[in-house]
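*Asks:* Give me a model of this one.
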Amino acid sequence: MIHKREQLDHYLKSTNGKANMTTTVYGFRDLKTKGNRCEYNTAIIPHFVMDFDVDQAVRHHNLSAEEAGDKCCKEVKTLSQYLSRKHYQHAIWFTGGGFHVWAKLDKTYVLPPKDLNDLLFSGRIIINKWVKQFNLITLDPVVSFRPDRHIRIPNTYNAKRGIWGIPVTRDDLELGWAHVNETAQNPSPGMHLYEGRGMPVEIVERDSQNLFAGQYDPSSKTFTMEDIEIAATNINNIPMLPCLAQAACEKGSNPPHKPRSYLMMYLMDYFRNFARPGHTSPIPRTDVVAKTHSFIKNLEWADYQPSETNKYLQHGADRYYQTPTCPTIYNEGLCVGKCPYYDGKGSGA
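*Replies:* Okay, the predicted model is just below:
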């Protein structure tokens, strides 16, 4: 846990070049009781970061690594040009497996939890528009406007790939993936700042009774249905809530505690065929635990431990937890849009 700049400087000096170094995207006003985790609903929001991931295109669009790398360069360049046309201040870093695009906001947002969740949701809808507008297949939506996510610290060594994270320009991106990788064989300090103003975010307040009520109305500043509707997908042949897919189902990730818990609740509910109450399900608890564990194992979380996972799943199975409600998901800042599973409840439900 870093409290002062001096601590960060010491961490960088002692660790850079020896191990992977990541940080939360945001700082926080409060910590949890034990002091080892942040209270995510106390995030301080002066900027946002977009994560472009080459592996995203390889996994989901059947591109070769070289094709995905060049595609990633082109997409980052396209978005950077757009941000410059809008006169939004931003910078770009190569991470070893893709790029981070940092963008400044028009002010530092320090908000109470309800308003913060509305801001985060509004920001994610902006990102969703850009994904559709520019066909950004390498953009990983997990990081943008999420206080619980980590990013690689700029200008640090990527121990996994044996390459340096470095600042890049649009000229570097034009020269392509091979050029960027060659340049990143050696460290490069600083940043290449594209000057401009901070990007404004129109915070749309959600209806306390219905998160997605109403059609587009400029006077009330609500989103269009096209803006907020999001499709559901299957993961390992299981229909998955989009919020949980983004929060906890990225292969090889290290999701926070609550998204993991919510994923466990949903999977166990699914494998019990959503029986109400849960104990009336004819599916044996041992089968529910085994199937849930198999799904989680396949996600290859960075800190996955079979014994710890099984102990936690047994605890959940004993209590017959149910799928978290949409208000719970929204109030945790995890909602990504109106999906087919929206339960019709508002943030104040």
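
*Asks:* Show me the helices in this protein, by range?
*Replies:* 5-15, 54-61, 65-85, 113-134, 170-175, 177-183, 225-228, 242-248, 257-271, 285-299, 306-319, 326-331 (DSSP state H).

*Asks:* Same list, those, but as TSV with mean neighbour count and mean pLDDT please.
*Replies:* Every residue, glycine included, has its C-beta placed from N, CA and C. Formatted as TSV, these follow (neighbours: other C-beta atoms under 10 Å; pLDDT from 0 to 100):
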stretch	mean neighbour count	mean pLDDT
helix 5-15	11	92
helix 54-61	18	82
helix 65-85	19	96
helix 113-134	18	90
helix 170-175	16	98
helix 177-183	16	97
helix 225-228	15	66
helix 242-248	24	91
helix 257-271	20	95
helix 285-299	17	96
helix 306-319	13	95
helix 326-331	21	88
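
*Asks:* Spit out the contact partners of the nearest residue to A43 once chain neighbours are set aside.
*Replies:* Closest residue to A43 in three dimensions, ignoring its sequence neighbours and counting by C-beta to C-beta, 6 or more residues apart in numbering: P147, at 3.8 Å. With contacts taken as C-beta atoms under 8 Å, 6 or more residues apart in numbering, P147 has the following neighbours: T24, V25, Y26, F28, C38, Y40, N41, A43, I45, L120, G333.

*Asks:* Mind exporting the C-alpha coordinates of stretch 241-255 to PDB?
*Replies:* Taking C-alpha atoms only, stretch 241-255 is exported to PDB below (Å, rounded to 0.1, in the frame of the first residue of the first chain):
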ATOM      1  CA  LEU A 241     -23.600 -11.900 -17.100                       C
ATOM      2  CA  PRO A 242     -21.600  -9.200 -19.000                       C
ATOM      3  CA  CYS A 243     -20.700  -7.400 -15.700                       C
ATOM      4  CA  LEU A 244     -19.100 -10.600 -14.300                       C
ATOM      5  CA  ALA A 245     -17.500 -11.500 -17.600                       C
ATOM      6  CA  GLN A 246     -15.600  -8.200 -17.500                       C
ATOM      7  CA  ALA A 247     -15.000  -8.100 -13.800                       C
ATOM      8  CA  ALA A 248     -13.800 -11.600 -13.100                       C
ATOM      9  CA  CYS A 249     -13.600 -13.800 -16.200                       C
ATOM     10  CA  GLU A 250     -10.600 -12.500 -18.100                       C
ATOM     11  CA  LYS A 251      -8.200 -15.400 -18.400                       C
ATOM     12  CA  GLY A 252      -5.000 -15.000 -16.400                       C
ATOM     13  CA  SER A 253      -6.300 -12.000 -14.500                       C
ATOM     14  CA  ASN A 254      -6.300 -11.300 -10.700                       C
ATOM     15  CA  PRO A 255      -9.800  -9.900 -10.000                       C
END
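
*Asks:* Tell me the spacing between N254 and F28.
*Replies:* Counting by C-beta to C-beta, to the nearest Å, the gap between N254 and F28 amounts to 18 Å.

*Asks:* The two - which one has more neighbours?
*Replies:* Residue environment comparison for N254 versus F28 gives the larger neighbour count to F28, 17 against 13, counting by other C-beta atoms under 10 Å.

*Asks:* Just name the lowest-scoring one in the contacts of P147, pLDDT-wise.
*Replies:* For the contacts of P147, the least confidently modelled position is G333, at 81, judged by pLDDT.

*Asks:* and that residue, what does it touch?
*Replies:* Contacts for G333 (C-beta under 8 Å, 6+ apart) come out as Y40, N41, L116, N117, L120, F121, R146, P147, D148.

*Asks:* Buried residues in stretch 185-195, which are they?
*Replies:* Residues of stretch 185-195 classed as buried: S188, Y194 (neighbour count, 16 or more other C-beta atoms under 10 Å).

*Asks:* Likewise for stretch 86-96?
*Replies:* If you call a residue buried by 16+ other C-beta under 10 Å, then stretch 86-96 has these buried ones: Y88, Q89, H90, A91, I92, W93, F94, T95, G96.

*Asks:* Out of those, which is nearest to G278?
*Replies:* Nearest to G278 among the buried residues of stretch 86-96: T95, at 42.2 Å, using C-beta to C-beta.

*Asks:* I'd say the closest one and G165 touch.
*Replies:* Yes. In this structure T95 lies within contact range of G165 using C-beta atoms under 8 Å: 5.1 Å.

*Asks:* Touching both of those two, which residues are there?
*Replies:* Counting by C-beta under 8 Å, 6+ apart, the contacts common to T95 and G165 are R152, N158.

*Asks:* circling back: the helices of the chain into a markdown table, with extra columns for distance to N234?
*Replies:* Conversion of the helices of the chain to a markdown table gives the following (distance: least, C-beta to C-beta, whole Å):
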| stretch | distance to N234 |
| --- | --- |
| helix 5-15 | 39 |
| helix 54-61 | 13 |
| helix 65-85 | 22 |
| helix 113-134 | 20 |
| helix 170-175 | 34 |
| helix 177-183 | 30 |
| helix 225-228 | 22 |
| helix 242-248 | 10 |
| helix 257-271 | 12 |
| helix 285-299 | 12 |
| helix 306-319 | 21 |
| helix 326-331 | 19 |
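
*Asks:* Which of those helices sits closest to V201?
*Replies:* Nearest to V201 among the helices of the chain is helix 113-134; the distance by C-beta to C-beta comes to 5.6 Å.

*Asks:* what packs against that closest one?
*Replies:* Judged by 3 or more C-beta pairs under 8 Å, 6 or more residues apart in numbering; DSSP states H and E, helix 113-134 is in contact with strand 43-53, helix 65-85, strand 139-140, helix 225-228, helix 326-331.
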